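S.K.: turn this into a model:
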Amino acid sequence: MAAQIVVIEGDGIGREVIPAAIGVIRRLELGLQFQPLNVGAERYLQTGEALPEDDFAQLETADAILLGAIGDPRIEVGLLEFGIIARLRFGLDLFVNLRPVKLYAEHLCPLKDKRPEDVDFAVVRENTEDAYAGMYGYFKKGTPDEIATQEILFTRKGVERIIRFAFELARRRGRGKKLTLVDKANAVRAMDLWTRTFEEVGREYPDIARDHAYIDAATMWCVKNPEWFDTVVTSNMFGDILTDLAAMIQGGLGVAASGNLHPGHVSLFEPIHGSAPKYAGKNVASPIATVMAVQMMLDYLGEKRAAQRIEEAVAGLLRTKRIPSLGSDSGLGTGAVGDLVLGELERAKVPA
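M.R.: Residues are numbered from 1 along each chain as shown. Modelled structure (predicted):
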């Protein structure tokens, strides 16, 4: 039975980059079934609902979800993001946020003298706990004495399963076979749970070297010596910050994609850029990050050869500068970039 993909274009440039990425999937002739779902700002403004129960039920039965972008300046900051993205992560228990950090062309890296072989690591971010669990409140709101609180939540189950996933990934990647724990246990004492769990689970993986860095030091090393990293595991909030920095050393948000995973269950794939409303409707947004999200999705669904073809096509276009940049200043429209990828898929096929 063909895999069922729910497609959410969402807001802003999501409505432009998703069609370009879907065109790439169709060219591969994999027989996937696509189900469009109208979720985002326009529907919320019409109905007052972010993600209705009937729509959520449809998502639960899919094999994967492809999301463009969520966010609109007409709506209170965080309302759509928490009502749609956070609900999907928590409701579907998408406990892994996987961010590959891979440089395909040296000229795209802002770091001096760093080559593709120097920037090739993966960040495994816990995706359902931490300060993002939504346990917050206010006292005396709107007064000079206002107090705002937000609780950090870690569970042994949540910490252990993300660390175990990261060890398995380090083994599958087969590069440096090293896993780095990034935390701040010296100041955030609750993160001692991470430290202890990392050591305990690590004993089951004697073939994987264990390393550690505090988050402040990790951001420094990410810029100074990215080649030191192979696989990284970290908490929700620290991972959110670290992966945007890491995205820039691979060429920027225009190439960075992520998978929100629950292994063996429906999972969600998306570019990590936002809805970029100032660029919406101008045909200048690059669809490459969304194409790379598709690449991750196909790999997750077991379509390894198709995923490899997409990665090679994008890498070739970037190395040869046929796609000269990944921003809105490339001189190429959204559709034109999509057409280049389609053409490269025909030129650079990977043997079965």
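
S.K.: low-confidence ranges, the protein, go.
M.R.: 1, 348-352 (pLDDT under 70).

S.K.: apply 50 and report the result again.
M.R.: For the chain, the stretches with pLDDT under 50 are 350-352.

S.K.: just want the most central residue of it.
M.R.: The centroid of the chain falls nearest to residue 258 when counting by Cα atoms, centre = their mean (1.8 Å).

S.K.: that one touches residue 99, doesn't it?
M.R.: Yes: counting by Cβ atoms under 8 Å, residue 258 touches residue 99, with 5.0 Å between them. Glycine gets a C-beta too; all of them are placed from N, C-alpha and C.

S.K.: joint contacts of the two?
M.R.: Here residue 258 and residue 99 have 243, 272 as joint contacts, going by Cβ atoms under 8 Å, 6 or more residues apart in numbering.

S.K.: determine the longest helix present in the protein.
M.R.: Scanning the chain for the longest helix, with DSSP state H as the assignment, gives helix 156-173.

S.K.: that helix: what's the following helix or strand?
M.R.: Per DSSP states H and E, the first helix or strand lying C-terminal to helix 156-173 is strand 178-183.

S.K.: which elements pack onto that next one?
M.R.: Applying 3 or more Cβ pairs under 8 Å, 6 or more residues apart in numbering; DSSP states H and E, one finds that strand 178-183 contacts helix 156-173, helix 192-202, strand 209-214, helix 215-224, strand 231-234, helix 236-249.

S.K.: just the ones you listed: most buried one?
M.R.: Ranked by mean neighbour count, these are led by strand 231-234 with a mean of 27 (mean count of other Cβ atoms under 10 Å).

S.K.: what is that one packed up against?
M.R.: Judged by 3+ Cβ pairs under 8 Å, 6+ apart, the packing partners of strand 231-234 are strand 120-126, helix 156-173, strand 178-183, helix 215-224.

S.K.: got these as JSON lines, with distance to residue 19 columns?
M.R.: JSON lines is the format used below for the helices and strands packed on strand 231-234 (distance: least, Cβ to Cβ, whole Å):
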{"stretch": "strand 120-126", "distance to residue 19": "28"}
{"stretch": "helix 156-173", "distance to residue 19": "31"}
{"stretch": "strand 178-183", "distance to residue 19": "36"}
{"stretch": "helix 215-224", "distance to residue 19": "34"}
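
S.K.: how about these, which one is nearest residue 285?
M.R.: With Cβ to Cβ as the criterion, residue 285 lies closest to strand 120-126 of the helices and strands packed on strand 231-234, at 24.1 Å.

S.K.: show me where the stretch 251-352 of the chain has its helices.
M.R.: For the stretch 251-352 of the chain, the helices defined by DSSP state H, counting those that start in this stretch occupy 288-300, 304-319, 334-347.
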